[in-house]
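Student: fold the following for me, if possible:
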Amino acid sequence: MKKIGILTFWGVPNYGAWTQAYALNNLVRTMMGDEYDVRHINYLHSNHFTAYYKNNEKLRNNFTYSYDKIAHTERLSAEQLECEEFDIIITGSDAIWEFSVKGFGNDMHLIGNNLNAKKLIAYAPSFGTMTQDMNFETWMKEGLEQYHHLSVRDGNSANIVKKLIGIEPQIVLDPALLWNFKNDRNVVEPFIDSYILVYGINWSEEFISGAQQFAREKNCRLVSVGYTNKWCDLNFRMTELRCLEWIGMFKNAEYVITSTFHGLMLSLAFEKQVKFYACEYVQNRSQTLLKSLGIDMQPAQDLFGRELNYTQINRRLKELKADSLRYLEKAILEE
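Tutor: Residues are numbered from 1 along each chain as shown. Predicted coordinates:
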């Protein structure tokens, strides 16, 4: 049996990071069948672990339950990771190459260095807020040169890869748009109804005012998940909502308001009328997909009066899904 390891941010209290991991793991396991042992690599740089949990045992306990829902290896140290043999390692699908966040420890493994695999594949990672005019360490270039197949999830990341190693990687969809969450029986649907889901913390005062007016017009409560937004009617903290419950909140929402990348991904997956606040932190991550789908989220003050045309969006998404699945299958199976 061939052994596939998926390397990403593992076990951090972040709904989006968990969702892409869950989706990619299930997607590859379904695609490859019983001939492959597919597991996420249970490894996280100690700096990254500390930065997220900060000795919060309640938060760690809550997310331990969630990441145990994803097939994974035993916990590995950096040294154990470098010794562990895999037929294939897939890195992705998150902003795992955003090395501008120094607190995460600049983990060179995430970009392909010192991994013990016969084949190395990148599926939809991102450089996040980093841009091609920044200075990049030599080990970042050396890591990218290790790959047999390279893809990213946004045009900004593609430009950086091309600058560093002269290769233009394929742009693919985040796994949250490939996995069928609508029919996933593990998703836990909430008992509350008639609500507008709010996910994120970065908003302008003008946007908040528009959201509150929109909620009054629709006669819906504003329910914030994962973050406390005092302008909402109800808030669920991360210790109060597990990941599959969080996804269920998207499924049952009347509308979605988000300022995050994966909030946007799940909104599109469930065909929700989403009001996306493209704050600076997520612009690089989201612009390529929005442009490809013909979605205009600007200007923000007009956003609440517009609705998405899912007939048009789904037509384009179908094409992008087919391209992404072809890339992933070819990358795994090609000798």
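Student: wait, doesn't Gly11 sit right on Ile41?
Tutor: No. Between Gly11 and Ile41 there is no contact under Cβ atoms under 8 Å: 10.8 Å. To be clear about C-beta, it is placed using only N, CA and C from the backbone, and glycine gets the same treatment.
Student: farthest from the middle of the chain: give me that residue.
Tutor: Farthest-out residue of the chain from its mean C-alpha position, per Cα atoms, centre = their mean: Glu217, at 31.5 Å.
Student: ok, that one - contacts?
Tutor: Contacts of Glu217 were listed using Cβ atoms under 8 Å, 6 or more residues apart in numbering, and none were found.
Student: name the element it belongs to?
Tutor: Per DSSP states H and E: Glu217 is located in helix 205-218.
Student: and the next helix or strand after that helix, what does it pack onto?
Tutor: Downstream of helix 205-218, the next assigned helix or strand under DSSP H and E is strand 221-226. When contacts are defined as 3 or more Cβ pairs under 8 Å, 6 or more residues apart in numbering; DSSP states H and E, strand 221-226 packs onto strand 195-199, helix 205-218, strand 234-237, helix 243-252.
Student: and strand 221-226, how far from the chain's centre?
Tutor: In terms of Cα atoms, centre = their mean, to the nearest Å, the gap separating the centre of strand 221-226 from the centre of its chain is 20 Å.
Student: can you list the strands that that strand pairs with?
Tutor: Partners of strand 221-226 in the sheet, by DSSP bridges, are strand 195-199 (parallel), strand 234-237 (parallel).
Student: pLDDT on the longest one, on average?
Tutor: Spelled out, it's strand 195-199. Averaged across strand 195-199, pLDDT comes to 98.
Student: what does that strand rub up against?
Tutor: Outside strand 195-199, the residues touching it (Cβ under 8 Å, 6+ apart) are 15, 211, 214-215, 218, 220-227, 229, 232, 234, 249-250, 252-260, 263.
Student: please, a ChimeraX command that selects the buried ones among those residues?
Tutor: Per 16 or more other Cβ atoms under 10 Å, the buried members of these correspond to this ChimeraX selection:
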select :15,211,214,215,220,221,222,223,224,225,226,227,229,232,249,250,252,253,254,255,256,257,258,259,260,263
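Student: mean confidence for the helix holding Glu217?
Tutor: 94.
Student: how about stretch 87-96?
Tutor: On average, the pLDDT along stretch 87-96 is 94.
Student: now do the buried residues in it.
Tutor: Applying 16+ other Cβ under 10 Å to stretch 87-96 flags Ile88, Ile89, Ile90, Thr91, Gly92, Ser93, Asp94, Ala95, Ile96 as buried.
Student: for the stretch 51-200 of the chain, what spans make up the strands?
Tutor: Along the stretch 51-200 of the chain, the stretches classed as strands by DSSP state E, counting those that start in this stretch are 86-91, 117-122, 151-152, 170-171, 195-199.
Student: adjacent strands (with direction) for the first one?
Tutor: Yep, that's strand 86-91 we're talking about. Here, using DSSP bridges, strand 86-91 pairs with strand 2-7 (parallel), strand 117-122 (parallel).
Student: mind putting the ones you listed into CSV with distance to Gln287?
Tutor: Shown next, in CSV, are the strands paired with strand 86-91 (distance: least, Cβ to Cβ, whole Å):
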stretch, distance to Gln287
strand 2-7, 26
strand 117-122, 20
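Student: can these go into JSON lines with extra columns for mean pLDDT, distance to Glu145 and mean neighbour count?
Tutor: JSON lines is the format used below for the strands paired with strand 86-91 (pLDDT from 0 to 100; distance: least, Cβ to Cβ, whole Å; neighbours: other Cβ atoms under 10 Å):
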{"stretch": "strand 2-7", "mean pLDDT": "96", "distance to Glu145": "17", "mean neighbour count": "22"}
{"stretch": "strand 117-122", "mean pLDDT": "98", "distance to Glu145": "10", "mean neighbour count": "21"}
